[in-house]
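Asks: The following comprises the amino acid sequence and a computationally predicted model.
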Amino acid sequence: MGNDQSKITELPLLMNLKKSTVDALVERGRRSTFDRKGLLLSSEDLSSRLFLILEGKMKVLRPTSGGEESLQQRLISGDIFCPAALILRKGCCSYAESLTQVQLLSWPHRQFRQLMDEDDQLHRNLIELLAHQIEEERTKRCLSQCINVRAKVATFLISSINQNKTSELSTPLKIDLRPISLTAQELGIARETMSRTLSKLEQLEIITCQRGLIDVHDSLQLQLIADGLDCNCCRQRIKI
């Protein structure tokens, strides 16, 4: 995306703002580039600045009481980090790690709050993004409690379609699950179980899968599986 301001203003956080607000955000924002995966933004970073992903992918993690790390969410272009810390004026306990090369734009919380006071649309954009993240977390929480593995995977694929579909006429529908191990972790299942489930769906010609890139050929059948209403044939052929 680089310095192309027209593309930057197409991101949800910066849409429909006053020109003066956009100019201030672009001019005052700090640009950061992570040139490889595995680089970190600390909890202190997320507690003091609002980060917007211009390009690339990151994951948000939180340490557990047992000293391990828990995956909170995956973020892509247009997503923001820990908006609750900005709104509640509290620290963020999570940290972020790059999954690919990443380009970021960020602002100190106090400076961003001032701009929200000057432009109500910026405030609304932030709340909408926060609401979207909350809804995603609710979906993932429901999925983590689902016992039926094939329904869990199918529901995740349907959810991804609904989030990423840009055109209803797009056929086949494409979903990027890379890395598969991280997707499996989000769903609370083993990587081998995830791969086996995708393979069974591929045998039914509902999807094709190549190295974590999914083409959905039959979204209706996928929805039936997600709803637990798949036909007897599918129940006989899909055995996880």
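Replies: Received the coordinates, thanks. Residues are numbered from 1 along each chain as shown.
Asks: quick one: the helices in the protein?
Replies: For the chain, the helices identified by DSSP state H occupy 5-8, 19-28, 43-48, 83-88, 109-118, 120-144, 149-164, 180-187, 191-203, 219-226, 232-237, in order along the chain.
Asks: How far away from the center of its chain is the first one?
Replies: When you say that, I think you mean helix 5-8. Here helix 5-8 is found 21 Å from its chain centre; the criterion is C-alpha atoms, centre = their mean, to the nearest Å.
Asks: Quote the end-to-end distance of stretch 82-96.
Replies: Taking C-alpha to C-alpha, to the nearest Å as the measure, stretch 82-96 stretches 10 Å from start to finish.
Asks: Which of the residues in it are classified as buried?
Replies: By neighbour count, with 16 or more other C-beta atoms under 10 Å as the criterion, the buried positions of stretch 82-96 are 82-83, 85-86, 92, 94-96. For glycine as for every other residue, the C-beta is placed from the backbone atoms N, C-alpha and C.
Asks: what does that stretch contact?
Replies: Stretch 82-96 has contacts (C-beta atoms under 8 Å, 6 or more residues apart in numbering) with 40-43, 45-47, 50-51, 58-63, 72, 75, 81, 109, 112-113, 126, 129-130, 133.
Asks: Mind giving me the ChimeraX command for buried ones among these?
Replies: Selecting only the buried members of the contacts of stretch 82-96 in ChimeraX, with burial defined as 16+ other C-beta under 10 Å, works like this:
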select :41,43,45,46,47,50,51,58,59,60,61,72,75,81,112,113,126,129,130,133
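Asks: coming back round to it: so which of the helices of the chain gets nearest residue 211?
Replies: Using C-beta to C-beta as the criterion, the shortest distance between residue 211 and the helices of the chain is 8.5 Å, found for helix 180-187.
Asks: List the buried residues in that closest one.
Replies: Judged by neighbour count using 16+ other C-beta under 10 Å, the buried positions of helix 180-187 are 180, 182-187.
Asks: of those residues, closest to residue 149?
Replies: Closest approach between the buried residues of helix 180-187 and residue 149, by C-beta to C-beta: residue 187, at 8.5 Å.
Asks: Quick check, the closest one in contact with residue 152.
Replies: Yes. Distance between residue 187 and residue 152: 5.7 Å, which falls inside the contact criterion (C-beta atoms under 8 Å).
Asks: separation between residue 97 and residue 187?
Replies: 19 Å (C-beta to C-beta, to the nearest Å).
Asks: One more: residue 59?
Replies: Applying C-beta to C-beta, the value for residue 59 to residue 187 is 14 Å.
Asks: hmm, back to that, in a markdown table: the buried residues of helix 180-187, plus pLDDT and distance to residue 105.
Replies: Written out in a markdown table, the entries for the buried residues of helix 180-187 read as follows (pLDDT from 0 to 100; distance: C-beta to C-beta, whole Å):
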| residue | pLDDT | distance to residue 105 |
| --- | --- | --- |
| 180 | 91 | 30 |
| 182 | 87 | 24 |
| 183 | 89 | 27 |
| 184 | 88 | 31 |
| 185 | 84 | 28 |
| 186 | 81 | 26 |
| 187 | 84 | 31 |
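Asks: measure residue 149 to residue 190 for me?
Replies: Summarising the geometry, the distance separating residue 149 from residue 190, computed by C-beta to C-beta, is 10 Å.
Asks: These two - which one has more neighbours?
Replies: For residue 149 versus residue 190, neighbours defined as other C-beta atoms under 10 Å are more numerous around residue 149 (19 against 13).
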